[in-house]
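Engineer: just a sequence and a predicted model for now, questions to come.
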Amino acid sequence: GESVGLHLPTLSVQEGDNSIINCAYSNSASDYFIWYKQESGKGPQFIIDIRSNMDKRQGQRVTVLLNKTVKHLSLQIAATQPGDSAVYFCAEAYSNSGYALNFGKGTSLLVTP
Amino acid sequence: EAGVAQSPRYKIIEKRQSVAFWCNPISGHATLYWYQQILGQGPKLLIQFQNNGVVDDSQLPKDRFSAERLKGVDSTLKIQPAKLEDSAVYLCASSLLGNLGTDTQYFGPGTRLTVL
């Protein structure tokens, strides 16, 4: 069936470097995408979202890129900090499912000093 | 602003027992969601409420799971009887209106259930 997946289960970066977390989706009908950050023992925390009529959206130290041609989503974190260490999930939503979010499996980001 | 509250934070039960989880959404949020997150996976939607009505419960195992939001505010999720595969974190989330692309879903800390 349709699914949202992540290319890499773990990512290790040095403090100060930029991080890129990738996500592939298979449902071409998806029109809304969100990135969440989940720290151990906590619920997912919203980071940034993007609609399908956009290619790029920037937030504070984060940028989300959407490539609809290859159904690919990425999250870029600038100047990664130890506090960025967490599991990152991409999620998609599409109108024929109401407002339900379909989450991928997650990428664990580890920031080393 | 207070976040989404959930209790208990942890629960350990034996299979075939019953368990209930409670969620208090952010004040004023009309839409409430229950998700199941199995270790190493992303959250999976179980049920979505708009005020006190069910919007989507297509992935809720209705033979053992039930949920209610009687007054359109707090919600309870119940499992009866529990199975080993129900071991997971149960997350509650809420959003202001539930409008796609305009509302953010805010998650609570979750209840970690272990079924022995």
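Structural biologist: That came through, no problem. Numbers count the residues shown, from 1 in each chain, chains lettered A, B, ... in the order given.

Engineer: for chain B, list the residues in contact with chain A, please.
Structural biologist: B:4, B:31, B:40-45, B:48, B:55-56, B:91, B:93, B:95, B:98-101, B:103-110 (Cβ under 8 Å from any Cβ of the partner chain). C-beta coordinates here come from the backbone N, C-alpha and C atoms, glycine included.

Engineer: need the buried ones from these selected in PyMOL.
Structural biologist: To isolate the buried subset of these in PyMOL, counting by 16 or more other Cβ atoms under 10 Å in any protein chain shown, use the following:
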select buried, chain B and resi 4+31+42+43+44+45+48+55+56+91+93+95+98+100+101+103+105+106+107+108+109+110
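
Engineer: low-scoring stretches of chain A, by residue?
Structural biologist: A:1-8, A:95-99 (pLDDT under 70).

Engineer: cool, chain B as well?
Structural biologist: B:1, B:98-102.

Engineer: mind running it again at 90?
Structural biologist: B:1-2, B:39-41, B:51-52, B:55-56, B:70-72, B:96-105 (pLDDT under 90).

Engineer: residue closest to the middle of it?
Structural biologist: B:W34 (2.7 Å; Cα atoms, centre = their mean).

Engineer: sheet-wise, list the partners of the helix or strand containing it with their directions.
Structural biologist: Using DSSP states H and E, B:W34 maps to strand B:31-37. Take DSSP bridges as the rule and strand B:31-37 pairs in its sheet with strand B:44-50 (antiparallel), strand B:88-95 (antiparallel).

Engineer: format the ones you listed as a markdown table; extra columns: distance to B:T114.
Structural biologist: Listed next are those as a markdown table, based on distance: least, Cβ to Cβ, whole Å:
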| stretch | distance to B:T114 |
| --- | --- |
| strand B:44-50 | 18 |
| strand B:88-95 | 9 |
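
Engineer: among those, which is nearest B:L70?
Structural biologist: Checking the strands paired with strand B:31-37 against B:L70 by Cβ to Cβ gives strand B:44-50 as the closest, at 10.3 Å.

Engineer: put the alpha carbons of the closest one into PDB.
Structural biologist: Taking Å, rounded to 0.1, in the frame of the first residue of the first chain, the C-alpha atoms of strand B:44-50 are listed here in PDB:
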ATOM      1  CA  LYS B  44      -0.300   5.500  13.700                       C
ATOM      2  CA  LEU B  45      -3.700   7.200  13.900                       C
ATOM      3  CA  LEU B  46      -6.300   5.200  15.800                       C
ATOM      4  CA  ILE B  47      -9.200   7.600  16.000                       C
ATOM      5  CA  GLN B  48     -10.000  11.300  15.400                       C
ATOM      6  CA  PHE B  49     -12.700  13.300  17.100                       C
ATOM      7  CA  GLN B  50     -14.200  16.600  16.000                       C
END
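
Engineer: so what touches that strand?
Structural biologist: A:98-101, A:103, B:30-38, B:54-57, B:59-60, B:65, B:67, B:69, B:72, B:75, B:77, B:98 (Cβ atoms under 8 Å, 6 or more residues apart in numbering or on different chains).
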